[in-house]
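Asks: structural data only, the sequence is not supplied:
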């Protein structure tokens, strides 16, 4: 990592001047704070002494891709200032109070009970700053028998919601999904809750408490199936690509080993028949309508398997494009990272200040004509302690006293160690 950073862009973004206290860990809460920082918010991330936020280590835990750079840390915490503060220290309350008074937004993911012990419960925080937007995320919600149960995206978002059970083929056991994917999805929900509350505050002048849970966002992601279950609908069996419910929505493999997802519909059936070189199928009574194609989906998928497997993807790319057939190439993350479409649309963007990490992933919210700030590296552990404390009005002697009490590390170097 380099220490020389370019200055922040002088052009104001939508949240320039907004002050955010990020007192959360792992991914969902910090990533929501990062989305605010991308639009110019001044975000202070508070970490515990010692190893700091566990997210600092997740890039080096299998099955995370092995790399020199701590890419996960910079993805979820770019553009922030960082401080180490022992919230269990008696003298930390005075620092935390000034941070809350400074902030427009406070984000936490400490469990209920723990947050109150650390003086981060909503009632205490709102007492210090009635205009604050207080945002939290839990695993399973604020009420019910599992409200205080620890939750990760693999357990609460994926497993409990019905999503993981539905995301597999027939006869296949559940697998491990892309970890963190539920967290980053939930981060967008937290971000949405925060900006909704900021709008409400602009109208009413009142702060409020907002939040979501990994379970809630997981069920939202599984919404079609859960809503169907609420309607007492009859579910189809798990997908079997050799005997699909719908052969027009199915993965197929080309002669050169490329997989693509066909995702077409009844009105596109004539074009698909022409694209695969079998216009006579339009006269086949088995495939004449939706019901027939459903009843004979195994035969149709077998025919499409043979045809798609007879030529390379380059051929099918042109043939399907001519008929405007909807499909998607199934890319690996490595292939996606090099996809020119990502750079053309700023889905990935340059990152300043990190050795071995030239680009990172942009957040998916865009305001056309409104700039985001240039992405800069996430902070080292406790990097901005003295700077932030001075801004909060602590005199040098008071800062020295906080060090002596162990509320903050002795030095930034000790914090980093």
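Replies: Arrived safely, thanks for sending. Please read these numbers as outputs of a predicted model, since none were measured by experiment.

Asks: please make it C-alpha for all contacts and neighbour counts, starting now.
Replies: OK.

Asks: phi and psi next, for the residue of the chain most remote from its centre.
Replies: In the chain, residue 283 marks the outermost C-alpha relative to the chain mean, sitting 47.1 Å out by Cα atoms, centre = their mean. Backbone torsions for residue 283, taken as degrees, to the nearest 10, come to phi -100, psi 0.

Asks: gap between it and residue 289?
Replies: Using Cα to Cα, to the nearest Å, one gets 11 Å for the distance from residue 283 to residue 289.

Asks: before we move on, back to that, distance check, the residue farthest from the centre of the chain against residue 294.
Replies: Counting by Cα to Cα, the gap from residue 283 to residue 294 is 16 Å.

Asks: with residue 339 instead?
Replies: Using Cα to Cα, we find residue 339 at a distance of 35 Å from residue 294.

Asks: which of these two has more residues huddled nearby?
Replies: Neighbour count, other Cα atoms under 10 Å: between residue 339 and residue 294, residue 294 has more, with 18 against 13.

Asks: residue contacts, residue 206?
Replies: When the contact criterion is Cα atoms under 8 Å, 6 or more residues apart in numbering, the partners of residue 206 are 130, 131, 132, 200.

Asks: swap in 10 Å and give it another go.
Replies: By Cα atoms under 10 Å, 6 or more residues apart in numbering, residue 206 lies in contact with 130, 131, 132, 133, 197, 198, 200.

Asks: of those - the most surrounded one?
Replies: Neighbour counts for the contacts of residue 206 peak at residue 133, which has 29 neighbours (criterion: other Cα under 10 Å).

Asks: helix or strand next in line after whichever strand or helix holds residue 75, which one?
Replies: Element membership of residue 75 [criterion: DSSP states H and E] is helix 71-77. The helix or strand immediately downstream of helix 71-77 is strand 80-84, counting by DSSP H and E.

Asks: where do the strands sit along the stretch 201-350 of the chain?
Replies: Chain-ordered strands for the stretch 201-350 of the chain, with DSSP state E, counting those that start in this stretch as the definition, fall at 208-213, 249-253, 259-263, 327-329, 348-352.

Asks: mean confidence (pLDDT) on the first one, please.
Replies: Along strand 208-213, the predicted confidence averages to a pLDDT of 97.

Asks: other SSEs contacting it?
Replies: On a contact count with 3 or more Cα pairs under 10 Å, 6 or more residues apart in numbering; DSSP states H and E, strand 208-213 meets strand 105-108, helix 122-128, strand 133-138, helix 181-204.

Asks: may I see the buried residues of it?
Replies: 208, 209, 210, 211, 212, 213 (16 or more other Cα atoms under 10 Å).

Asks: what about this protein, any weak spots by pLDDT?
Replies: Residues of the chain meeting the criterion pLDDT under 70: 1-11, 411-417.

Asks: middle-most residue in it, spatially?
Replies: The geometric centre of the chain, computed from its C-alpha atoms, lies nearest to residue 184 (Cα atoms, centre = their mean), at 1.1 Å.
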